[in-house]
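Colleague: generate a structure from the sequence data that follows.
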Amino acid sequence: MKKVTLVIMAAGIGSRYGKGIKQLAPVGPNGEIIMDYSIYDAMEAGFNKVVFVIRKNLEKDFKEIIGKRIEKIVEVGYAYQELEDIPEQFRDKLDGRTKPWGTGQAILCCKNVVHEPFLVINADDYYGKEAYRLAYSELVKPHRGTDISMVGFRLKNTLSQNGTVTRGVCKVDDSHMLQEIEETYEIEGRGGYAVAVKDGREFRLDLESPVSMNMWGLQPEFFHILENGFEEFLRNVKKEEVKAEYLLPRIIGQLLKEGQAQVKVLRSHDQWFGVTYQEDKAAVIESIQDLVEKGIYPESLY
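Modeller: Predicted coordinates:
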């Protein structure tokens with residue numbers, strides 16, 4: 001059986017969520033966290049290895065809450081994302097920074113642990129079963145190293161009832177190939193449409209617009225692209241830009257512009273949900289319970 005890995009980015013602690021580590025918040029009837037459902041769905045789809053990207057200071061709690069349990073049912077690896085993990089010649093860029101360098105660095109940390117096709121997800125996002133089936137089916141096909149896939153969700157299925165959200169709104173051609181990602185801020189639903197803000201002005205968005213939720217299908221050759229790009233990013237970032245981030249959507253968007261990669265968009269119809277805000281947790285618990293009652297998940301996952 002071909003090895004295909006699920007990479008879960010769990011190094012960040014969400015500032016908008018409030019106190020506590022949101023990725024480890026229980027939401028299931030037996031204390032399951034969102035990652036439990038992600039891993040369950042991924043394994044059901046065919047994934048047979050899981051790599052967690054965490055920070056060293058989370059390691060003890062992380063392994064106690066989920067790592068040791070998952071190690072019993074699937075191959076598990078760990079990668080560690082740290083602020084200081086940058087080439088020596090850029091150490092002066094650390095002054096004033098308190099957080100690591102974003103999702104691009106998070107995936108780059110996996111280069112010595114992942115040697116097979118892999119799917120990237122956020123730890124605190126629930127994506128639904130269809131997304132993993134689509135992603136796995138695409139990843140097991142023959143690919144060039146620069147071929148990328150992305151699971152796209154309908155905007156209306158990704159909104160929060162408790163505040164605005166930021167989404168990568170995608171332009172997709174008739175062949176399901178990604179043309180452009182536009183990072184779009186302060187999106188909220190308004191009945192039959194959504195609104196966002198740009199340059200201080202509101203504008204409308206179609207609720208059916210495909211959006212990126214950081215669910216990327218990648219080949220191991222992508223690490224070489226990330227490594228070269230990270231050095232270029234660090235070379236250009238100014239010392240005072242202490243919040244600058246090396247982000248996957250921007251990296252892939254730039255590759256698209258330069259014609260260095262092509263991205264196939266896999267359209268999921270499932271409802272996404274996550275815990276962006278503290279108030280989201282109750283809705284997530286209710287949604288999980290509903291899925292259990294419908295028989296989509298067993299009462300106890302493992």
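
Colleague: can you report phi and psi for residue 164?
Modeller: Dihedral pair for residue 164: phi -80, psi 160, per degrees, to the nearest 10.

Colleague: that one: neighbour count?
Modeller: Number of residues near residue 164 (other C-beta atoms under 10 Å) recorded here: 18. C-betas here are computed from N, CA, C, even on glycine.

Colleague: show me what contacts it?
Modeller: With contact set as C-beta atoms under 8 Å, 6 or more residues apart in numbering, residue 164 has these partners: 185-188.

Colleague: relative to residue 103, how far out is it?
Modeller: 20 Å (C-beta to C-beta, to the nearest Å).

Colleague: quick one, helices of the stretch 51-200 of the chain?
Modeller: Here the stretch 51-200 of the chain has its helices, by DSSP state H, counting those that start in this stretch, at 59-62, 68-70, 103-108, 129-139.

Colleague: distance of the closest residue to residue 264 other than its chain neighbours from residue 216?
Modeller: Leaving aside its sequence neighbours, residue 264 sits nearest to residue 149 (C-beta to C-beta, 6 or more residues apart in numbering; 4.7 Å). The gap separating residue 149 from residue 216 is 7 Å, by C-beta to C-beta.

Colleague: equivalent analysis for residue 114, please.
Modeller: 13 Å.

Colleague: most tightly surrounded among the helices of the stretch 51-200 of the chain?
Modeller: Most buried of those by mean neighbour count (mean count of other C-beta atoms under 10 Å) is helix 103-108; its value is a mean of 24.

Colleague: rewinding a little: least confident of the helices of the stretch 51-200 of the chain, on average?
Modeller: Set side by side, the helices of the stretch 51-200 of the chain give their lowest mean pLDDT on helix 59-62, at a mean of 88.

Colleague: would you check that residue 205 makes contact with residue 155?
Modeller: Yes. Contact between residue 205 and residue 155 holds when scored by C-beta atoms under 8 Å: they sit 6.3 Å apart.

Colleague: residues shared between the contacts of those two?
Modeller: Residues touching both residue 205 and residue 155 (C-beta under 8 Å, 6+ apart): 169, 187, 194.

Colleague: residue 300 against residue 30, yeah?
Modeller: Yes. Contact criterion C-beta under 8 Å: residue 300 and residue 30 qualify, at 4.9 Å.
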